[in-house]
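Student: Predicted model, plus sequence, below.
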Amino acid sequence: MKIVISNMPPYLFDIDEPIMHAEEVTDAGGKCAWRFWCDHCQAHHYHGIGFGHREAHCEVLGSPYHRGGYNLAAG
């Protein structure tokens, strides 16, 4: 079940999906993003800054996150 958390993206939090704890990073051009280590893909996934639901960035077949994505939280 998704609930509205904000009037700005990402807007929603899905209480049925896992929470991934992300950290804020800045690239060489000064752009900020949130990233977390995906244990399934064994790689970092990068998303825009903000708490809430995201579509999975997993490229590995069979990812448990393809169906419903995940939620990001700082920390």
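Tutor: Sure thing, it's come through.

Student: how about the residue nearest to the spatial centre of the chain, what does it touch?
Tutor: Nearest to the geometric centre of the chain sits residue 72, at 4.3 Å (C-alpha atoms, centre = their mean). Going by C-beta atoms under 8 Å, 6 or more residues apart in numbering, residue 72 touches 10, 19, 20, 22, 34, 36, 47, 50, 51, 52, 54. (C-beta placed from N, C-alpha, C; glycine too.)

Student: list the contacts for the fifth one?
Tutor: By C-beta under 8 Å, 6+ apart, residue 34 lies in contact with 22, 23, 24, 25, 46, 47, 48, 49, 50, 72, 74.

Student: what about 6 Å?
Tutor: Listed by C-beta atoms under 6 Å, 6 or more residues apart in numbering, the contact partners of residue 34 are 22, 24, 47, 49, 72.

Student: What's the local residue count around the nearest residue to the last one once chain neighbours are set aside?
Tutor: The spatial neighbour of residue 72 that comes closest, neighbours along the chain excluded (C-beta to C-beta, 6 or more residues apart in numbering), is residue 22 at 4.8 Å. Applying the criterion other C-beta atoms under 10 Å, we find 25 residues in the vicinity of residue 22.
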